[in-house]
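> Need a 3D model of the following:
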Amino acid sequence: MFISETNKEFKDMNISNNRTIDRAAKALIKEGWTYRQSKGGHVVLKDPKTGFSLPAPVSPSCHRAEKNWLSAVKKIRQGVRP
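Below is the predicted model:
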């Protein structure tokens with residue numbers, strides 16, 4: 001079940017250890033994206049327009065993870081499955 005911004009306080013919640021991904025994910029939630037906690041503990045964001053979902057990495061291990069995640073968000077906004 002996806003949760004909207006109004007149902008749960010997310011400002012104090014840590015979505016990712018990466019500061020850029022954390023801020024971007026919180027901005028997406030403010031824009032209307034919904035989120036849920038997966039069984040593994042990751043936050044999964046869902047775009048309300050396309051319905052595509054994107055998990056947010058808790059602790060990205062690759063130096064390109066931030067860039068790849070932001071690229072996937074951009075593709076979802078364009079209506080393309082990442």
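> Tell me which helix or strand in this structure has the weakest average pLDDT.
Within the chain, no helix or strand scores below strand 34-37, which has a mean of 92 by mean pLDDT, DSSP states H and E.
> helices and strands around that strand, which ones?
strand 43-46 (3 or more Cβ pairs under 8 Å, 6 or more residues apart in numbering; DSSP states H and E). C-beta here means a position set from N, CA and C on the backbone, and glycine is covered the same way.
> Can you name every helix or strand that the strand it packs on contacts?
helix 19-31, strand 34-37, strand 53-56.
> In it, which residues are buried?
Within strand 43-46, the residues scored as buried using 16 or more other Cβ atoms under 10 Å are V43, L45, K46.
> about what we covered before: quick one: distance of the least confident helix or strand of the chain to the chain centre.
8 Å (Cα atoms, centre = their mean, to the nearest Å).
> Relative to L70, which of the helices and strands packed on strand 43-46 is closest?
Comparison of those against L70 by Cβ to Cβ identifies helix 19-31 as nearest, at 6.4 Å.
> Could you list the low-confidence segments of the chain?
1-12 (pLDDT under 70).
> which one in it is furthest away from the centre?
H63 (18.1 Å; Cα atoms, centre = their mean).
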